[in-house]
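> what's the 3D shape of this:
(2 chains)
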Amino acid sequence: MDIQFLYSLITAIFIGGVAGYLGSLMITKRMALVGDALGHVALPGVALGLIYGFNVSWGALPCLAIGIFLIWLFEIRTKLPMEALTGVVFTASVAIAFLFLPESEISTALIGDISQIGLGDALISIILSLAILFLLKKIYAKMVLINLSEELAQAYGVKVKKYNFIYLVSIAIIVALGIKVTGSLLMGALVITPAAAARNLSRNLSQYSYGSLAIGLVACSLGTFLFKFWGFPAGPLVILVATFIFLISLAFKKR
Amino acid sequence: MTQDSILEVKNLEVFLGKEKVLDDLSFQLKKKEILVILGPNGAGKTVLLRTLLGLLPFKGKISWKKGIKVGYVPEGLAAPQNLPLTVKEFFGFKGFSSQAIFKSLKQVGMGDSSLLEKRLEALSFGQFKRMLIAWALIDNPQVLLLDEPLIGLDIHGRETIYDSLVKFWQKEDQAIILVSHEVGEVCKKADQILALNKKILFSGPPEKVVTARNLAKIYGYSVSL
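Residues are numbered from 1 along each chain as shown, chains lettered A, B, ... in the order given. This next block holds a predicted model:
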């Protein structure tokens, strides 16, 4: 096994696991498509990364920060539903990106490329993934309580705004990292599909959350192996493996 | 604040947007007291509870006894349909063991250990409501705030909840604030009734204030117990 492939594989495994875990929260908060939209918001940064040859995740992060800030600002100013504003911001981002994204890089931007991951990028991805996993684990119960009833959570001293902020930052970082693996077009599936499959298979919250993590991890590693042997791009393979697991989960659906 | 007082509210005003929903409210809650807040729909009862909990901005004064632990059962909370959360996991958020959870559920008439592994969505409406009360009671709060706890329950459910509330109340130093839109059995046990429609309509012990004339002030027509 060559070292380059090992870097790609490890990076994908860590990001995939945490993305799956995060997804289990996003589905319950009815934010499943936010990951998808944010993947698009990051596109101008991804384009810059591809043009100037730096890690697309680092290009994605500032874009996501600006995008989330704008959505938040517009929401205060207009009182329009969040999803409408997200729609405005993410389509604008895609439009901007396509003004300068070179044609040769379009496919990498949209469906990702993990074949060129170096040791440094791999290490940073692992550290960030573990940090986010740790953070999410800490806020998980509180987020579920907030999801159940914001006022009940508040009444028991949960600082809802603070937790929502940490949660949003975690989403932004995972989306930025995930874009490396699946590209901005497919990023949404990296958080939705494992959690959707785990939801079908689980009887309780811990099975569900860790199941999502495990399925994300399996999809990413299997997808990366298939990429190695078949030569198709890794991003779509990862998502197809996740989708396949989801289809299997339908047969075992727990009621 | 006097020695046995738990809560003092003075000249409380609450605005939602530009509309004043609570105006010039003053009342007190003492140890071991049951305060029933009555009022028609839209009178500001839930707003009052939420303000007491510190969830809404207000003018005036709300002073709780220092370090007091408050339990809360909100109204209209539904079991989550999109989350495989079990009863045990829900109580786990408060860090309690299965044994403590079982004891607490038993208090509200749910003494069946198989319920622990049940998902919230699989509970009946009444079971879910009782479980919420058990959840509020499990860490022994000194005051329990209940928003319409008996609504939508059949007579059996009402009685079990009512019994467990009385038991809770009989423990030392515990007080209850209960919001209800209808005059019913809850009023008989109350030490104080506070009738509300933005302002206080009347207040005092039930035997004195629950009169046909006063009730007509709330509902616009006379009702009797």
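> and the residue most central in space within chain B, helix, strand or coil?
The centroid of chain B falls nearest to B:Leu146 when counting by Cα atoms, centre = their mean (1.2 Å). At B:Leu146, secondary structure determined by DSSP: H, G, I helix; E, B strand; the rest coil is strand.
> any chance you could map the strands in chain B?
B:5-16, B:19-30, B:34-38, B:59-64, B:70-73, B:143-147, B:175-180, B:192-197, B:199-204 (DSSP state E).
> ok, which of these comes nearest B:Arg119?
Closest to B:Arg119 of the strands of chain B is strand B:70-73 (Cβ to Cβ; 20.1 Å). All C-beta atoms are positioned from the backbone trio N, CA, C, and that covers glycine.
> okay, now the sheet partners of that closest one, with direction.
Looking at strand B:70-73 with DSSP bridges, its partner strands are strand B:143-147 (parallel).
> ok so, going back, would you format the strands of chain B as JSON lines with mean pLDDT included?
Below are these laid out as JSON lines (pLDDT from 0 to 100):
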{"stretch": "strand B:5-16", "mean pLDDT": "91"}
{"stretch": "strand B:19-30", "mean pLDDT": "91"}
{"stretch": "strand B:34-38", "mean pLDDT": "91"}
{"stretch": "strand B:59-64", "mean pLDDT": "92"}
{"stretch": "strand B:70-73", "mean pLDDT": "90"}
{"stretch": "strand B:143-147", "mean pLDDT": "90"}
{"stretch": "strand B:175-180", "mean pLDDT": "89"}
{"stretch": "strand B:192-197", "mean pLDDT": "89"}
{"stretch": "strand B:199-204", "mean pLDDT": "87"}
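> surely B:Phe102 meets B:Ser114?
No - with contacts counted by Cβ atoms under 8 Å, B:Phe102 stays clear of B:Ser114, the gap being 10.7 Å.
> out of the two, which sits in the more crowded spot?
B:Phe102 (21 against 7; other Cβ atoms under 10 Å in any protein chain shown).
> pLDDT averaged over stretch A:73-92 - what is it?
When pLDDT is averaged along stretch A:73-92, the result is 87.
> if you count neighbours, what's buried in it?
Neighbour counts over stretch A:73-92 (16 or more other Cβ atoms under 10 Å in any protein chain shown) mark A:Phe74, A:Leu85, A:Thr86, A:Gly87, A:Val89, A:Phe90 as buried.
> distance between the ends of that stretch?
One end of stretch A:73-92 sits 16 Å from the other (Cα to Cα, to the nearest Å).
> how far out from the middle of the chain is it?
20 Å (Cα atoms, centre = their mean, to the nearest Å).
> then stretch A:215-234?
17 Å.
> now do stretch B:186-196
On Cα atoms, centre = their mean, the centre of stretch B:186-196 falls 12 Å from that of its chain.
> equivalent analysis for stretch A:157-174, please.
15 Å.
> residues of chain B that sit close to chain A?
For chain B, the contact set with chain A under Cβ under 8 Å from any Cβ of the partner chain comprises B:50, B:53, B:55, B:70, B:72, B:74, B:77, B:80, B:82-86, B:88-89, B:92-93, B:117, B:119.
> now the buried residues of stretch A:73-92 as TSV including distance to B:Ser180 and secondary structure?
As requested, those are arranged in TSV below (distance: Cβ to Cβ, whole Å; DSSP: H, G, I helix; E, B strand; the rest coil):
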residue	distance to B:Ser180	secondary structure
A:Phe74	41	helix
A:Leu85	40	helix
A:Thr86	41	helix
A:Gly87	43	helix
A:Val89	46	helix
A:Phe90	47	helix
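> can you lay out those as JSON lines showing distance to A:Gly120?
Output for the buried residues of stretch A:73-92, formatted as JSON lines (distance: Cβ to Cβ, whole Å):
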{"residue": "A:Phe74", "distance to A:Gly120": "36"}
{"residue": "A:Leu85", "distance to A:Gly120": "36"}
{"residue": "A:Thr86", "distance to A:Gly120": "32"}
{"residue": "A:Gly87", "distance to A:Gly120": "36"}
{"residue": "A:Val89", "distance to A:Gly120": "31"}
{"residue": "A:Phe90", "distance to A:Gly120": "30"}
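> need the max-distance pair from these.
Spanning the widest gap among these are A:Phe74 and A:Phe90, at 12.3 Å by Cβ to Cβ.
> now do the SS call for the nearest residue to A:Ala198 once chain neighbours are set aside.
Once flanking residues are discounted, A:Ala198 sits nearest to A:Gly211: 3.4 Å by Cβ to Cβ, 6 or more residues apart in numbering or on different chains. Secondary structure, three-state DSSP: A:Gly211 is helix.
> how close does A:Gly211 sit to A:Ala47?
A:Gly211 sits 35 Å away from A:Ala47, going by Cβ to Cβ, to the nearest Å.
> next: A:Ile106.
A:Ile106 is 9 Å from A:Ala47, by Cβ to Cβ.
> also B:Asn140?
Applying Cβ to Cβ to B:Asn140 and A:Ala47 gives a distance of 58 Å.
> which one of these two is surrounded by more residues?
A:Ala47 (25 against 11).
> ok, the more buried one - contacts?
A:Gly59, A:Ala97, A:Phe100, A:Leu101, A:Glu105, A:Ala109 (Cβ atoms under 8 Å, 6 or more residues apart in numbering or on different chains).
> could you tell me how many residues sit around the nearest residue to it once chain neighbours are set aside?
Excluding its sequence neighbours, the residue lying closest to A:Ala47 (Cβ to Cβ, 6+ apart) is A:Leu101, at 4.1 Å. If you count neighbours by other Cβ under 10 Å, A:Leu101 ends up with 21.
> again with A:Leu119
The burial count for A:Leu119: 11, using other Cβ under 10 Å.
> got the contact list for the residue nearest to B:Leu132 when sequence neighbours are not counted?
Leaving aside its chain neighbours, B:Leu132 sits nearest to B:Val73 (5.2 Å; criterion: Cβ to Cβ, 6+ apart). Applying Cβ under 8 Å, 6+ apart to B:Val73 gives the contacts B:Leu132, B:Ile133, B:Ala136, B:Leu144, B:Leu145, B:Leu146, B:Asp147, B:Pro149.
> any idea of the mean pLDDT for the helix or strand A:Ile173 falls within?
Here A:Ile173 sits within helix A:160-201, counting by DSSP states H and E. Averaging pLDDT along helix A:160-201 gives 92.
> might one say that A:Arg30 is in contact with B:Asn82?
Yes - at 7.3 Å, A:Arg30 counts as touching B:Asn82 under the criterion of Cβ under 8 Å.
> for A:Ala197, list the residues it contacts.
A:Gly211, A:Ser212, A:Ile215, A:Ala242, A:Ile245, A:Phe246, A:Ile248, A:Ser249.
> right, and the third one touches A:Phe244 too?
No - with the criterion set as Cβ under 8 Å, A:Ile215 and A:Phe244 do not qualify as a contacting pair; they are 10.6 Å apart.
> looking at the two, which has the bigger crowd around it?
A:Ile215 (28 against 14).
> how much space separates that one from chain B?
A:Ile215 sits 15 Å away from chain B, taking Cβ to the nearest Cβ, to the nearest Å as the criterion.
> which non-adjacent residue is nearest that residue?
Computed as Cβ to Cβ, 6+ apart, the closest residue to A:Ile215 that is not its neighbour in sequence is A:Pro194, at 3.9 Å.
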